[in-house]
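K.L.:
this one's structure only:
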């Protein structure tokens, strides 16, 4: 089951096509994960190499980390489950900023957002029945990074260390940077993303992504808009 034929799904926040943030994020990484099209990147020194892994995953923030599905479960069942989850969620807004996170550059929330944390937690819990347990190889890869006791427990229970209290919303923009790279790249990213980040970003849906085989680029399958309302939540 560790072979290249294994398909993985993931549930992401990904700004839908037609939004400015989608256009700017896709151009920064050099690929539109909805159309699969390669795009010209901004003229920033070294950017193409520094975005190689992020480009494969597409411009997104992870809510339900990539997972292989259990035997006997088809893709249509996952589509229905994500659609049902999104149908009950209420749209909200989030301020984003360019910053460094553990040596990577990313778009991060500019303030705590309980609605965002609750959304990520629900995606992890509600969709976990579809997830095939990780293989020994996958567990060993995750354990290459030092894990706390709670993160180890998350890995064993949920297949990923950084969920619930350890969740950090981020839209990855680069691989790990050298100490002398961060300043110039943050300045370039601030200039590139400023038109989209001048106002809060709408968090209004979930997007199901798929990796057709190990090392293949992730592609967006379908975007599911949130359909809940504040009035319904208050009832």
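P.N.:
Sure, I can see it. Just so it is clear, the model here is predicted, and its values are computed rather than measured.
K.L.:
can you pull the pLDDT of the closest residue to residue 45 other than its chain neighbours?
P.N.:
Leaving aside its sequence neighbours, residue 45 sits nearest to residue 184 (Cβ to Cβ, 6 or more residues apart in numbering; 7.7 Å). No exception for glycine: its C-beta is placed from N, CA and C like everyone else's. On pLDDT, residue 184 comes in at 91.
K.L.:
which strand or helix spans residue 184?
P.N.:
Take DSSP states H and E as the rule and residue 184 turns out to sit in helix 182-197.
K.L.:
residues in contact with the nearest residue to residue 95 once chain neighbours are set aside?
P.N.:
Distances taken as Cβ to Cβ, 6+ apart place residue 110 nearest to residue 95, at 3.9 Å, with adjacent residues excluded. Contact partners of residue 110, counting by Cβ atoms under 8 Å, 6 or more residues apart in numbering, are 95, 96, 97.
K.L.:
touching, residue 128 and residue 154? I think so.
P.N.:
No - in this structure residue 128 lies outside contact range of residue 154 using Cβ atoms under 8 Å: 11.6 Å.
K.L.:
so between these two, which is more surrounded?
P.N.:
residue 154 (22 against 14; other Cβ atoms under 10 Å).
K.L.:
in a strand, that's where that one is, yeah?
P.N.:
No - Residue 154 sits outside any strand when classified using DSSP: H, G, I helix; E, B strand; the rest coil, being helix.
K.L.:
quick one: list the elements packing against the one helix or strand residue 25 maps to.
P.N.:
Assessed by DSSP H and E, residue 25 sits inside helix 20-29. When contacts are defined as 3 or more Cβ pairs under 8 Å, 6 or more residues apart in numbering; DSSP states H and E, helix 20-29 packs onto helix 182-197.
K.L.:
can you give me the helices in this structure?
P.N.:
20-29, 47-50, 52-57, 75-87, 114-126, 136-142, 149-158, 182-197, 230-234 (DSSP state H).
K.L.:
deepest-packed of the ones you listed, please.
P.N.:
helix 20-29 (a mean of 21; mean count of other Cβ atoms under 10 Å).
K.L.:
okay, now the residue lying closest to residue 182 once chain neighbours are set aside: neighbour count?
P.N.:
Distances taken as Cβ to Cβ, 6+ apart place residue 100 nearest to residue 182, at 5.6 Å, with adjacent residues excluded. If you count neighbours by other Cβ under 10 Å, residue 100 ends up with 17.
K.L.:
show me what contacts residue 100?
P.N.:
Residue 100 neighbours (Cβ under 8 Å, 6+ apart): 106, 177, 182, 186.
K.L.:
pLDDT below threshold where in this protein?
P.N.:
For the chain, the stretches flagged by pLDDT under 70 are 1-5, 229-235.
K.L.:
hmm, which of the contacts of residue 110 are the buried ones?
P.N.:
Buried members of those, scored by 16 or more other Cβ atoms under 10 Å, are residue 96.
K.L.:
of the contacts of residue 110, which is the nearest to residue 212?
P.N.:
residue 96 (29.6 Å; Cβ to Cβ).
K.L.:
shouldn't the closest one be in contact with residue 113?
P.N.:
No - the pair residue 96 / residue 113 is not scored as a contact, 10.3 Å apart, by Cβ under 8 Å.
K.L.:
picking that back up, for the helix holding residue 184, what is the distance to the chain centroid?
P.N.:
20 Å (Cα atoms, centre = their mean, to the nearest Å).
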